[in-house]
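J.: give me the fold of what follows.
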Amino acid sequence: MSGGIDTAGDIATGLFVARAVEPPAGETAHRPLAHGLCLNCGTALHGEFCHACGQSGHVHRSLHSIGHDLLHGVFHFEGKIWRTMPMLVFQPGALTRRYIAGERARFVSPLALFLFAVFLMFATIHAFGGELGTDLPPAARETSLQNIDADIAKGQAKLARLQAAPRRANADAKIAKVQEDLRSLQVARSVMDGGSGATIGDVPLSGLRTDWHALDKGIAKVKANPGLALYKLQSSAYKYSWALIPISTPFVALLFLWRRRYKLYDHAIFVTYSLAFMMMLVASLSTAGAVGVGSGLIGLLVMFVPPVHMFAQLRGAYTLRKRSALWRTVALIVFAWIALTAFACLLLAMGFME
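T.: You can find the predicted model right below:
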């Protein structure tokens with residue numbers, strides 16, 4: 001019950017914050033014209049708002065108005081949201097291009113949409129994913145550990161059989177696959193158990209050094225308590241999610257170095273709308289998994305939806321031909337992974353300074 005309330009609170013908070021940065025535009029178009037003096041500054045009113053201070057000419061003093069203001073603050077993106085969301089999903093390039101060109105009053109601003117998407121994504125993860133498995137009851141934790149141990153034992157037995165059997169053409173690939181599965185299971189067990197045997201690739205965290213003091217400090221804390229470390233990383237990702245915008249924008253700019261008519265502002269709008277869509281996609285897929293949608297279908301969506309959306313947004317926002325948009329999409333996917341890696345290092349370095 002409390003988890004549902006927390007999730008609803010997170011989403012409502014996201015809407016309030018998004019609303020706070022969303023510039024008002026045409027939101028009282030159906031009200032009658034106000035007359036008299038502004039109750040805030042005393043200026044004569046000649047329309048719905050005071051031209052001197054901006055306050056609405058219609059001020060209500062009733063409990064009903066408090067409820068209206070609450071609903072207005074949470075839900076009232078006016079008609080903007082119904083114009084913005086379909087375009088963000090199906091015509092992201094046109095949305096980006098039109099916003100940059102100056103159509104601001106028709107659409108939810110990219111920053112407001114991004115802020116709401118951040119709140120929505122983490123609220124959904126919190127509701128359906130818990131705190132990365134670290135808050136399980138003791139009995140459930142013990143059962144999970146036993147299941148992981150059983151899978152590890154099966155994997156070790158399979159590996160022994162493959163290594164003892166006569167070598168075939170694909171034997172090395174099968175052995176490598178089983179070894180990779182075993183490493184993943186061992187890391188999962190270490191996180192569930194709160195132990196210190198976690199690894200990155202084949203390198204144990206206990207022996208990993210980067211010569212970046214802040215990052216090494218973070219790695220040491222991961223080694224000491226992986227469960228707590230992952231929880232703190234989730235909290236840091238929530239707080240510093242905005243950093244994805246300045247990290248990602250230069251990579252998009254690299255794709256258009258020889259097209260000087262596109263400025264950093266244009267690329268930042270592109271990145272912000274794209275990140276908002278990706279975060280909403282994560283929230284949607286988390287919800288789908290929670291209601292029973294198969295992991296196979298979710299995996300296919302994860303593989304195909306982001307690149308297709310990137311391609312459509314690149315082609316529409318920058319008026320590119322198919323071939324030009326295609327190679328930039330491939331490059332953008334590579335850049336996205338680099339940006340995410342840089343963001344993860346930033347979280348690891350900053351998240352443990354507190």
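J.: where does this structure dip in pLDDT?
T.: Along the chain, the model assigns pLDDT under 70 to residues 1-35, 58-79, 129-145, 184-233, 348-354.
J.: now the strands for the chain?
T.: Here the chain has its strands, by DSSP state E, at 199-200, 203-204.
J.: my guess is residue 264 contacts residue 252, does it?
T.: No: contact between residue 264 and residue 252 fails when scored by C-beta atoms under 8 Å: they sit 9.1 Å apart. Placement of C-beta: from N, CA and C, glycine included.
J.: looking at these two, which is more packed in?
T.: Taking other C-beta atoms under 10 Å, residue 264 and residue 252 do not tie; residue 252 has more neighbours (25 against 12).
J.: the more buried one and residue 148: what is the separation?
T.: Look at residue 252 and residue 148: by C-beta to C-beta, to the nearest Å, they are 41 Å apart.
J.: residue 318 touches residue 261, doesn't it?
T.: No: at 9.8 Å, residue 318 and residue 261 do not qualify as touching, with contact defined as C-beta under 8 Å.
J.: which one's more surrounded, those two?
T.: residue 318 (22 against 7).
J.: contacting residues around that one?
T.: 93, 97, 256, 259, 262, 325 (C-beta atoms under 8 Å, 6 or more residues apart in numbering).
J.: the longest helix along the chain packs against which elements?
T.: Criterion DSSP state H: the longest helix present in the chain is helix 322-350. The contact analysis (3 or more C-beta pairs under 8 Å, 6 or more residues apart in numbering; DSSP states H and E) places helix 322-350 against helix 213-224, helix 226-239, helix 244-254, helix 295-317.
J.: how close does the closest residue to residue 335 other than its chain neighbours sit to residue 302?
T.: The spatial neighbour of residue 335 that comes closest, neighbours along the chain excluded (C-beta to C-beta, 6 or more residues apart in numbering), is residue 251 at 3.8 Å. To residue 302, residue 251 is 21 Å away according to C-beta to C-beta.
J.: comparing the two, which residue is more hemmed in?
T.: More crowded of residue 251 and residue 302, by other C-beta under 10 Å: residue 251, with 18 against 13.
J.: the more buried one and residue 261, how far apart?
T.: In terms of C-beta to C-beta, residue 251 sits 19 Å off from residue 261.
J.: state the number of residues packed around the residue nearest to residue 301 when sequence neighbours are not counted.
T.: Closest residue in space to residue 301, ignoring its immediate chain neighbours: residue 285 at 6.3 Å, by C-beta to C-beta, 6+ apart. Residue 285: 18 surrounding residues under other C-beta under 10 Å.
J.: residues in contact with residue 285?
T.: Under the criterion of C-beta under 8 Å, 6+ apart, the contact list for residue 285 reads 298, 301-302.
J.: turn the residues you listed into JSON lines, columns for distance to residue 80.
T.: Listed next are those as JSON lines, based on distance: C-beta to C-beta, whole Å:
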{"residue": "298", "distance to residue 80": "30"}
{"residue": "301", "distance to residue 80": "27"}
{"residue": "302", "distance to residue 80": "29"}
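J.: go ahead and confirm residue 267 touches residue 257.
T.: No: with contact defined as C-beta under 8 Å, residue 267 does not count as touching residue 257 (11.1 Å).
J.: could you pull out the helices for the stretch 1-150 of the chain?
T.: For the stretch 1-150 of the chain, the helices defined by DSSP state H, counting those that start in this stretch cover 2-21, 63-75, 80-90, 92-101, 110-129, 138-164.
J.: grab the nearest non-local neighbour of residue 182.
T.: Computed as C-beta to C-beta, 6+ apart, the closest residue to residue 182 that is not its neighbour in sequence is residue 155, at 4.6 Å.
J.: so how far is residue 146 from that neighbour?
T.: Per C-beta to C-beta, residue 155 is found 15 Å from residue 146.
J.: give me the more crowded residue out of these two.
T.: More crowded of residue 155 and residue 146, by other C-beta under 10 Å: residue 155, with 19 against 10.
J.: gap between that one and residue 49?
T.: For residue 155 relative to residue 49 (C-beta to C-beta), the value is 68 Å.
J.: next one: residue 278
T.: 37 Å.
J.: same question, residue 328
T.: Here residue 328 is placed at a distance of 43 Å from residue 49 (C-beta to C-beta).
J.: show me which of the two is the more surrounded one.
T.: residue 328 (21 against 18).
J.: dump the residue contacts of the more buried one.
T.: Residue 328 neighbours (C-beta under 8 Å, 6+ apart): 255, 314, 320.
J.: scan these and report the most crowded one.
T.: Highest neighbour count within the contacts of residue 328: residue 314, with 27 neighbours (other C-beta under 10 Å).
J.: got the contact list for it?
T.: 93, 320, 325, 328-329, 332.
J.: kindly recompute the last result at 6 Å.
T.: Applying C-beta atoms under 6 Å, 6 or more residues apart in numbering to residue 314 gives the contacts 325, 328.
J.: the residue nearest to residue 241 when sequence neighbours are not counted: neighbouring residues, count only.
T.: Counting by C-beta to C-beta, 6+ apart, residue 241 lies nearest to residue 118, which is 4.8 Å off, once chain neighbours are set aside. Neighbour count for residue 118, taken as other C-beta under 10 Å: 25.
J.: from residue 116, how far off is residue 287?
T.: 16 Å.
J.: between the two, which has more neighbouring residues?
T.: Higher neighbour count among residue 287 and residue 116: residue 116, with 26 against 14, using other C-beta under 10 Å.
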